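Undergrad: sequence plus predicted model, see below.
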Amino acid sequence: MSDARKINISIIKAFQLPAGEVFDTWLSPALIRQWLGRNTAKTTQVEVEPREGGEFIFKQQHGNDQKKYWGTYRIVDRPHGLAFSWHAPNLGQAGEITIAFLATQTGCKIKLTHQLDAKFPDQADIVRKNWTAILDAMEQTLLESRPRETVL
């Protein structure tokens with residue numbers, strides 16, 4: 001299917017953290033468990049093969065519902081870019097996720113783009129809202145997991 005039959009949903013977020021640290025958060029099972037679904041679900045399973053061609057599986061408990069998300073890493077280029085397929089239970093076909101990491105003077109910016117099949121235009125706002133919440137939870141998790149400076 002050509003890109004013309006896709007809806008591109010992009011979110012840009014600034015982090016007060018180095019690009020490499022933010023990049024690693026996408027591939028660390030321990031951290032993924034903390035930020036994925038942080039405010040909406042309990043992540044019950046995380047399996048990642050963080051290499052090009054490697055696969056991942058995330059399972060979450062949403063109330064009484066168990067949901068499974070899975071995909072294949074297409075690009076793993078630390079700390080510059082990450083791309084993977086994204087299968088979600090509410091979408092009949094995989095989306096493609098690309099994430100660009102750009103170092104800034106105060107940390108980094110990331111641009112996450114979710115290519116959604118054009119058959120699902122009603123999902124675009126939900127997808128944007130969900131990824132925004134996920135990135136906010138990721139930032140919160142990263143900031144909480146950093147060592148705190150002791151003031152004497």
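TA: In hand now; what should we look at?

Undergrad: for residue 120, what are phi and psi?
TA: phi -120, psi 50 (degrees, to the nearest 10).

Undergrad: can you give me how far the longest helix belonging to the chain is from the chain middle?
TA: If you go by DSSP state H, the chain has its longest helix at helix 124-145. How far helix 124-145 lies from its chain's middle: 8 Å, per C-alpha atoms, centre = their mean, to the nearest Å.

Undergrad: residues contacting residue 71?
TA: Listed by C-beta atoms under 8 Å, 6 or more residues apart in numbering, the contact partners of residue 71 are 55, 56, 84, 85, 86, 87, 94, 97. Glycine gets a C-beta too; all of them are placed from N, C-alpha and C.

Undergrad: mind doing that once more with 10 Å?
TA: 54-58, 83-88, 94-97 (C-beta atoms under 10 Å, 6 or more residues apart in numbering).

Undergrad: can you pull the pLDDT of it?
TA: For residue 71, the pLDDT comes out at 96.

Undergrad: give me phi/psi at the closest residue to it other than its chain neighbours?
TA: Once flanking residues are discounted, residue 71 sits nearest to residue 85: 4.1 Å by C-beta to C-beta, 6 or more residues apart in numbering. Backbone torsions for residue 85, taken as degrees, to the nearest 10, come to phi -80, psi 150.

Undergrad: what about residue 85, neighbour count?
TA: Residues contacting residue 85 under the criterion other C-beta atoms under 10 Å number 17.

Undergrad: got it, and the one 4 residues further on?
TA: The local packing count at residue 89 equals 12, with neighbours defined by other C-beta under 10 Å.
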